[in-house]
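> how would this look folded up:
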Amino acid sequence: MRFMDKIAVFGDTESVKGYLAAGLQVFTCDEEEEALPTFKQIVAEGFAVIYVTENLAVLLKREIEKYNTALTPSIVPIPSIKGNSGIGVEMLRDAVIKAVGSDIVFNKE
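As a prediction, the model looks like this:
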């Protein structure tokens, strides 16, 4: 698999185990103290896209922000089995504002 083909899914076991059937590499984290070291491991392994459940994305927000302007990895918040909290959309909105200086995607005007 080439670098750009590597996709990881990171979250609590129940939320991410189904992604194994899609052929994605799954990393589980059921304890908060495991989140940062595991996330750093995923980045170090060269994944081009990392899907992170929203609850972990909140815990890792500062670390994730370090990659907002980098080409890779692309870090995408996804809902957990507990549902969509809207945090993923808010993080995407913040990244767009930082990148272009205004809310060009989510502006309701």
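
> Just give the closest residue to residue 15, not the sequence neighbours.
Closest residue to residue 15 apart from its sequence neighbours, by Cβ to Cβ, 6 or more residues apart in numbering: residue 80 at 4.0 Å. All C-beta atoms are positioned from the backbone trio N, CA, C, and that covers glycine.

> Correct me if wrong: that neighbour contacts residue 11.
Yes. If you go by Cβ atoms under 8 Å, residue 80 and residue 11 touch, sitting 5.9 Å apart.

> So for these two, which residues contact both of them?
53, 55 (Cβ atoms under 8 Å, 6 or more residues apart in numbering).

> Can you pull out the low-pLDDT segments for the protein?
1-5, 83, 85, 88, 91-109 (pLDDT under 70).

> Can you show me the helices along it?
For the chain, the helices defined by DSSP state H cover 13-16, 32-44, 54-59, 61-65, 87-100.

> contacting residues around residue 36?
Neighbour list for residue 36: 59-60, 63 [criterion: Cβ under 8 Å, 6+ apart].

> tell me which of the residues you listed is nearest to residue 7?
residue 60 (17.5 Å; Cβ to Cβ).

> Burial check on the closest one, number of neighbours?
Neighbour count for residue 60, taken as other Cβ atoms under 10 Å: 21.

> list the contacts for it?
Residue 60 neighbours (Cβ under 8 Å, 6+ apart): 35-36, 39, 52.

> Could you do residue 43 as well?
Going by Cβ under 8 Å, 6+ apart, residue 43 touches 50, 67, 73.

> Next: residue 74.
Contacts of residue 74 (Cβ under 8 Å, 6+ apart): 48-50.

> sorry, back to before: of residue 80 and residue 11, who's got more company?
residue 11 (27 against 19).

> That one pairs with what?
residue 28 (DSSP bridges).

> Good, wrapping up.
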